[in-house]
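Undergrad: dropping a prediction and its sequence here:
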Amino acid sequence: MKIANVIVDVPTKQTDRPFDYIIPKEWENVIQPGMRIVVPFGPRKIQGFVTDIKAGSEVKQLREMIEPMDLEPVLNKELLHLGEWLTETTLCFKIFAYQAMLPAALKAKYEKMVRLAPGMKAECLPQKIKPYFTNHKSLDWEEALKDGLVSVLQQEAAKGKLEVVYVVKERVRKKQVKFVGPLFSAAELAVEKEKIQANAEKQKQVLDYFIDHPNPMELRKLLQETNASAATVKALVAKKLLFEEEMEVYRNPFEHRTFEHTYPLPLTNAQAAAIKPIHASIESQKHEVFLLYGVTGSGKTEIYLQSIQKVIEKGQEAIVLVPEISLTPQMVNRFKGRFGDLVAVLHSGLSAGEKYDEWRKIQRKEVKVVVGARSAIFAPFENIGIIIIDEEHETSYKQEDMPRYHARDVAIERAKTYQCPVVLGSATPSLESFARAQKKVYHLLTLSSRMNERPLPAVDIIDMREELRAGNRSMFSRKLFDMLKDRIEKGQQSVLFLNKRGHSSFVMCRDCGYVVNCPNCDISLTYHRAGSRMKCHYCGYESHIPKVCPECSSEYIRYFGTGTQKVEEELGKILPEARVIRMDVDTTGRKGSHERLLKEFQEGKADILLGTQMIAKGLDFPNITLVGVLSADTMLHLPDFRSSEKTFQLLTQVSGRAGRHQLPGEVVIQTYTPEHYSIELAGTQNYDLFYQREMMIRKLHHYPPFYYLALITLTHEHLMTVVAETEKIVHYVRSQVSNQAVILGPAASPIPRINNRYRYQCLIKYKREPNLTRILKKILDQYQKETKNGLLVSIDINPFILM
Ligand SMILES: Nc1ncnc2c1ncn2[C@@H]1O[C@H](COP(=O)(O)OP(=O)(O)OP(=O)(O)O)[C@@H](O)[C@H]1O
Ligand SMILES: [Zn+2]
Ligand SMILES: [Zn+2]
């Protein structure tokens, strides 16, 4: 008897383990680890993942599985194993770990069909199933199950004669296109051709075409190629020489675009030196993590491309992660331009169907490279030769729901399995990564100058307090205004950047730039309109908003912020001649609008591109000679110990957009705190100095990379309950860990109430606590049992958003 170990789709603590099910005789040769099957669970029928197959079971009264859901595994061995690792390291349910690795379409309701693989004919199939596929019919999965055909189908699928297609109900419709193909072999067609009446020239031409090209092809393309009419094809179909069929085609989101093919550039000396150790790692199949630290415009992408080239030549595969917001058409073009159809693209802008199509190309090994956002790290390749993470410092690589993984950690884990290199690239590496490179855990590769020694743009830091003193109450400094005007006159382009994060949430003096900080945590207090109070979200400290500035006694102390719309209005007043394109969540909501707006800007249809975070990266337009940052401080005062780091990174990235080509670039940064080191040092683009300053502060306040963090968040509808329970947890943790660990809390979460549930948290800072995972698991176990009283506990190890 064969027994399947199954992780069932019931996300609770009690069910977070494999359940045993008998595999009925008929499925014995079908079921493999990594497939999804349907099993009975209590009175219900549910889905589950087969993780293992055994010869027996300890359990009495076993139940039988109901039916398979796949012809081939959707998760390979390595991914199954990775799921266990994810569960261990992020404390999530196994079912979430596995689901996170699959495209959304596989989680939805779908109909499944089996059909002939492209170029195959029913004649080549065994007698038993041939009738189901004659005339290019496809077979419904339910029917296949009913008629007991699955194991034959599986054998033929393994030979490449059949394939499974998922037709997702409701949410995704497959794209249907009319195809035409020959019903006979080339030799047979040649014979048939002779029988056609002499004057049917066109029909003969079409047959000739299929004698040379035996594969079915899109009707539209066939008509173009042969100059035949639809009626000609119809006639041949009527003669039963050709068949006509609606076939599913991959939805290609880049269909309408052609890619100009690019070739490897001769590398500069600096690039050649940086790529050498990466190539060595690829060649010797030795896992190593490289930190490619190169200033903006230093040619990191070319290093990625030529490393991938090497990997493809070795017959291996490459994963490239790019932050969601820089996954622009421009970015994709650089990879498609070099590797063409070998590239699959995965990002959230695709429909569920498009994503599924791209995923299938990866699974079938039709592509060698995947470029995508965070979740592309789970691409089902089986022979990975390199994993590249561009802009490795980006916080979007951390997933904030279960499983709360960081793509960098997953990349390193997978790369260890495949013994291949990981390349982390950035002009402003995360402190964690740079610290690891300093300690030689990562191999540091440096590109210290721009291509062709083009200078980094000159940066002007404008003190907005001075502007106020000089009577300028506008959101544009005099300098920025003059420069914008100058660019419009010269016909050059400008980018205006407004940082939306942290909007209106901190309290600042407009005269001296003073921001009210927590006395315990060195983090700005967050403004709360209710009661006009300020709170610290780490330790719970709170106070009133001062009536006058404690620094300079000015009365202009208030909460701070502006929106892109307001900026656009003001531009209209002060520079009515400027043509402005605004890019923010409102103007880019519709599919393709992001791309369209960028294209318009590139074509010179606007003088000024005004936008938020989404324009900070990846723009590489020759005519941009001015970048203006309207308010550099907003992010600086988020209740986040990484706020200085994020500010520095963002300002450096934005500045890097200017002067990348022939024309020199200038940058204007407006700020109320010009003396803050993250702004001052972004002005000189001095990462090394910034790193030193920031490390000192992190050390002093016990933050990463000196300490690790774990965040426990509790929610409940009664404030008293959530406070009391958090208190208990704080006590429990304190009694279990060493006295090296620092435990903060109970404190209200930065968002203290969501949906009428109060949120409290406990933050653990620690260096080495070998028992911590066990302790945290115990807490989860305990509270899982108590879910009836409505208390929810979540744990984030290495949190990025402390909310
Ligand atoms: N070896 C080379 N020879 C000539 N041009 C090159 C070479 N390598 C890169 N370039 C060009 O230099 C420009 C900057 O390179 P690239 O965009 O790769 O830099 P980057 O380090 O990735 O920048 P960023 O971090 O700002 O995205 C690009 O236009 C690129 O085509
Ligand atoms: Zn002041
Ligand atoms: Zn505090």
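TA: Yep, that arrived. Residues are numbered from 1 along each chain as shown. Ligands and ions are numbered 1, 2, ... in the order given.
Undergrad: buried residues in stretch 619-635?
TA: Using 16 or more other CB atoms under 10 Å as the test for burial, stretch 619-635 gives 619-621, 623-635. Where you see a C-beta, it was placed from the backbone N, CA and C, and this is true even at glycine.
Undergrad: per-residue pLDDT, the residue lying closest to residue 632 once chain neighbours are set aside?
TA: Closest residue in space to residue 632, ignoring its immediate chain neighbours: residue 671 at 4.1 Å, by CB to CB, 6 or more residues apart in numbering. Looking at residue 671, its pLDDT reads 93.
Undergrad: again with residue 65
TA: At residue 65, pLDDT is 94.
Undergrad: find the nearest non-adjacent residue to it, please.
TA: Spatial nearest neighbour of residue 65, chain neighbours left out: residue 21 (4.3 Å); criterion: CB to CB, 6+ apart.
Undergrad: for residue 770, phi and psi?
TA: The phi and psi values for residue 770, taken as degrees, to the nearest 10, are phi -60, psi -20.
Undergrad: from ligand 3, how far off is it?
TA: 29 Å (CB to the ion, to the nearest Å).
Undergrad: roughly how far apart are that residue and residue 51?
TA: Separation of residue 770 from residue 51 (CB to CB, to the nearest Å): 27 Å.
Undergrad: what residues are up against residue 718?
TA: residue 758 (CB atoms under 8 Å, 6 or more residues apart in numbering).
Undergrad: er, residue 77 actually
TA: Residue 77 neighbours (CB under 8 Å, 6+ apart): 33, 34.
Undergrad: try it again with 10 Å
TA: 32, 33, 34, 382, 417 (CB atoms under 10 Å, 6 or more residues apart in numbering).
Undergrad: please confirm that residue 370 is located within a strand.
TA: Yes. Under DSSP: H, G, I helix; E, B strand; the rest coil, residue 370 sits within a strand.
Undergrad: isn't it right next to residue 358, touching?
TA: Yes. The pair residue 370 / residue 358 is scored as a contact, 7.6 Å apart, by CB atoms under 10 Å.
Undergrad: of the contacts of residue 77, just say which sits nearest to ligand 3.
TA: residue 417 (41.7 Å; CB to the ion).
Undergrad: picking that back up, neighbour-wise, which of residue 770 and residue 51 wins?
TA: Using other CB atoms under 10 Å, the more surrounded residue of residue 770 and residue 51 is residue 51, with 19 against 7.
Undergrad: picking up where we left off before, now for residue 370 and residue 358: what residues contact both?
TA: With CB under 10 Å, 6+ apart as the test, residue 370 and residue 358 both reach 343, 344, 345, 346, 376, 379.
Undergrad: thinking again about what came up before, so what's the residue nearest to residue 632 up against?
TA: Here residue 671 is in contact with 461-465, 477, 513, 629-634, 636, 647, 651, 679-680, 682-683 (CB under 10 Å, 6+ apart).
Undergrad: measure it to ligand 1 for me?
TA: Computed as CB to the nearest ligand atom, to the nearest Å, the residue 671 to ligand 1 distance reads 22 Å.
Undergrad: show me which residues of the protein are close to ligand 1?
TA: Residues of the chain lying close to ligand 1 (CB under 6 Å from any ligand atom) are 265-268, 271, 294, 296-302, 427, 451, 620, 656.
Undergrad: which of these are buried?
TA: Buried members of the residues of the chain next to ligand 1, scored by 16+ other CB under 10 Å, are 267-268, 271, 294, 296-302, 427, 451, 620, 656.
Undergrad: okay, and the residue nearest to residue 65 sits in which element?
TA: Element membership for residue 21, per DSSP states H and E: strand 19-23.
Undergrad: then residue 581?
TA: Here residue 581 is assigned to strand 580-583, by DSSP H and E.
Undergrad: just how off-centre is the following helix or strand past that strand within its chain?
TA: Per DSSP H and E, strand 580-583 leads on to helix 593-602 as the next helix or strand towards the C-terminus. Between the centre of helix 593-602 and the centre of its chain there are 21 Å (CA atoms, centre = their mean, to the nearest Å).
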